[in-house]
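>>> Coordinates for the following, if possible.
(one chain, ligands or ions: 2)
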Amino acid sequence: MEIGTIGVIGAGQMGNGIAHVMALAGYDVVLNDINQEVLDAAMARIEKNMGRQAGRGAISEEDMVAALGRIRLTLDQAEVGPSDLIIEAATEREDIKNKIFEGLAPHLAEHTILTSNTSSISITRLASRTDRPERFMGFHFMNPVPVMKLVELIRGIATDEATYNACLGIVESLGKTASSSEDYPAFIVNRILIPMINEAAYALYEGVGNVASIDNAMKLGANHPMGPLELGDFIGLDTCLAIMHVLHDGLADTKYRPCPLLTKYVEAGWLGRKAGRGFYDYRGEVPVPTR
Ligand SMILES: CC(=O)CC(=O)SCCNC(=O)CCNC(=O)[C@H](O)C(C)(C)COP(=O)(O)OP(=O)(O)OC[C@H]1O[C@@H](n2cnc3c(N)ncnc32)[C@H](O)[C@@H]1OP(=O)(O)O
Ligand SMILES: NC(=O)C1=CN([C@@H]2O[C@H](COP(=O)(O)OP(=O)(O)OC[C@H]3O[C@@H](n4cnc5c(N)ncnc54)[C@H](OP(=O)(O)O)[C@@H]3O)[C@@H](O)[C@H]2O)C=CC1
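Ligands and ions are numbered 1, 2, ... in the order given. Sure, this is the predicted structure:
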């Protein structure tokens, strides 16, 4: 199936990265959010990131200008409907995602493929609420999207082969690598990664170490590019907590208990980098640990 236009719903950190790589690969992109300021910030972020790529010669100025011209911003979800493929990248809440797919339903073209960039939520369950479970997939990018090579592809129980192959073709056209995961809570990467971040929050909660010692231990002792608390802030602590709840509920195993300190940070609105404060405070010149 020929894919020309890609709709992206949610213009947060993932939505802007997805729009960036899709436009550079030659797709027309319709980027939607409920907030004009978020749309404007997403476009500014894309321009900045592409500018850096052009600056170091990874892409040409012409490619950059052409890619930026392929991105259309809209507050009207209906304008996303006729896209060949839609990637939902809104907040990690099942009620929000269901509402988006319900709202899209009357505006979809017959052939439109629906996908979700969800980090953890059942693809089968999301698909079952739509009119096209056979044309529904998990299309899971990693953060930061322009840099990370992997895309997890998750089939729901009803996903057909044509849909899977269309998504695989897109991943290849981006120069990224697809890995297939079965549809179980948090798939592969987050099944392993997010419990590690939650465990780091427990180590902090129990006083095993402070923020700096925990992050340094994993950076210098295990060669991780970011410490687990820094990575939690980078992903978004609300997203990390939501994933822990999906693991805990979906696998009914106490080993996935969300750390109470992680919950407290989210309740405080200390969601990490995107909120200016999380395990670190980002409001000054350099990030300062909060504990
Ligand atoms: C939660 C989920 O559902 C799934 C997930 O995504 S889990 C999270 C997965 N991601 C990770 O684990 C990221 C771990 N961190 C890293 O790999 C690295 O710290 C990093 C790539 C983010 C930054 O690397 P670094 O060497 O410290 O920084 P830096 O040298 O500034 O950046 C490296 C490159 O990334 C680019 N980059 C960094 N952050 C970026 C961002 N937010 N957006 C776009 N590009 C970015 C830089 O432009 C730079 O590109 P060039 O080398 O081509 O100039
Ligand atoms: N952060 C990460 O590292 C990764 C996240 N993901 C997944 O990607 C998705 C997005 O995450 P992320 O970008 O980090 O989250 P962000 O919080 O950065 O962005 C989510 C965006 O969705 C918007 N939004 C909420 N409701 C709607 C709606 N009804 N229609 C359109 N937009 C809406 C939000 O607006 P507002 O702020 O106004 O509510 C916000 O701008 C989640 O499912 C997450 O699990 C996947 C891989 C990695």
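>>> From ligand 1, how far off is the residue of the stretch 151-291 of the chain found nearest ligand 2?
The minimum distance from the stretch 151-291 of the chain to ligand 2, using Cβ to the nearest ligand atom, falls at residue 235 (3.7 Å). Using the backbone N, CA and C atoms, a C-beta is placed for each residue, glycine as well. Relative to ligand 1, residue 235 is positioned 4 Å away (Cβ to the nearest ligand atom, to the nearest Å).
>>> how about the closest residue to that residue other than its chain neighbours, what does it touch?
Residue nearest to residue 235 in three dimensions, not counting chain neighbours: residue 143, with 6.2 Å by Cβ to Cβ, 6 or more residues apart in numbering. Contact analysis of residue 143 by Cβ atoms under 8 Å, 6 or more residues apart in numbering lists 13, 14, 17, 234, 235.
>>> Just the ones of these in helices?
13, 14, 17, 234, 235 (DSSP state H).
>>> Among these, which one lies nearest to residue 90?
residue 14 (9.3 Å; Cβ to Cβ).
>>> residues contacting the closest one?
89, 117, 141, 143, 145.
>>> now the closest residue to ligand 1 within the stretch 151-291 of the chain, what's its secondary structure?
Per Cβ to the nearest ligand atom, residue 225 is where the stretch 151-291 of the chain lies closest to ligand 1, at 3.7 Å. Following DSSP: H, G, I helix; E, B strand; the rest coil, we place residue 225 in the coil state.
>>> What number of residues are in the vicinity of it?
By the measure other Cβ atoms under 10 Å, the count of residues near residue 225 is 8.
>>> residues of stretch 38-56 that come out buried?
Within stretch 38-56, the residues that count as buried by 16 or more other Cβ atoms under 10 Å are 38, 39, 42, 43, 45, 46, 49, 50, 53, 54.
>>> The third one: which element?
Applying DSSP states H and E as the criterion places residue 42 in helix 36-55.
>>> Counting by contacts, list what the next helix or strand after that helix packs against.
Heading C-terminal from helix 36-55, the first helix or strand you meet, by DSSP H and E, is helix 61-69. Packing partners of helix 61-69 (3 or more Cβ pairs under 8 Å, 6 or more residues apart in numbering; DSSP states H and E): helix 13-24, helix 36-55.
>>> Could you dump the contacts of residue 143 into a markdown table and include pLDDT and distance to residue 152?
Output for these, formatted as a markdown table (pLDDT from 0 to 100; distance: Cβ to Cβ, whole Å):
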| residue | pLDDT | distance to residue 152 |
| --- | --- | --- |
| 13 | 95 | 17 |
| 14 | 97 | 13 |
| 17 | 98 | 15 |
| 234 | 98 | 18 |
| 235 | 98 | 15 |
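>>> Closest to residue 61 out of those?
Closest approach to residue 61 among the contacts of residue 143 (Cβ to Cβ): residue 17, at 20.8 Å.
>>> Nearest residue to that closest one in space, please, no chain neighbours.
residue 145 is the one closest to residue 17 (Cβ to Cβ, 6+ apart), at 2.7 Å.
>>> Show the end-to-end separation of stretch 218-229, please.
Stretch 218-229 has an end-to-end distance of 10 Å (Cα to Cα, to the nearest Å).
>>> same question, stretch 221-235
End-to-end for stretch 221-235, by Cα to Cα: 22 Å.
>>> Give the buried residues for it.
227, 228, 229, 230, 231, 232, 233, 234, 235.
>>> mind listing the helices for this protein?
Under DSSP H, the chain gives helices at 13-24, 36-55, 61-69, 94-104, 123-128, 161-173, 189-205, 211-222, 228-235, 237-251, 260-267.
>>> Those helices: which one's closest to residue 155?
Closest to residue 155 of the helices of the chain is helix 161-173 (Cβ to Cβ; 5.9 Å).
>>> Report all helices and strands that that closest one contacts.
Here helix 161-173 touches strand 85-88, strand 113-116, strand 136-141, strand 150-155, strand 177-181, going by 3+ Cβ pairs under 8 Å, 6+ apart.
>>> If you count neighbours, what's buried in that helix?
Counting neighbours by 16+ other Cβ under 10 Å, one finds that the buried residues in helix 161-173 are 163, 164, 166, 167, 170, 171.
>>> Ok, stretch 78-93 next?
Across stretch 78-93, burial judged by 16+ other Cβ under 10 Å covers 80, 81, 83, 84, 85, 86, 87, 88, 89, 90, 92.
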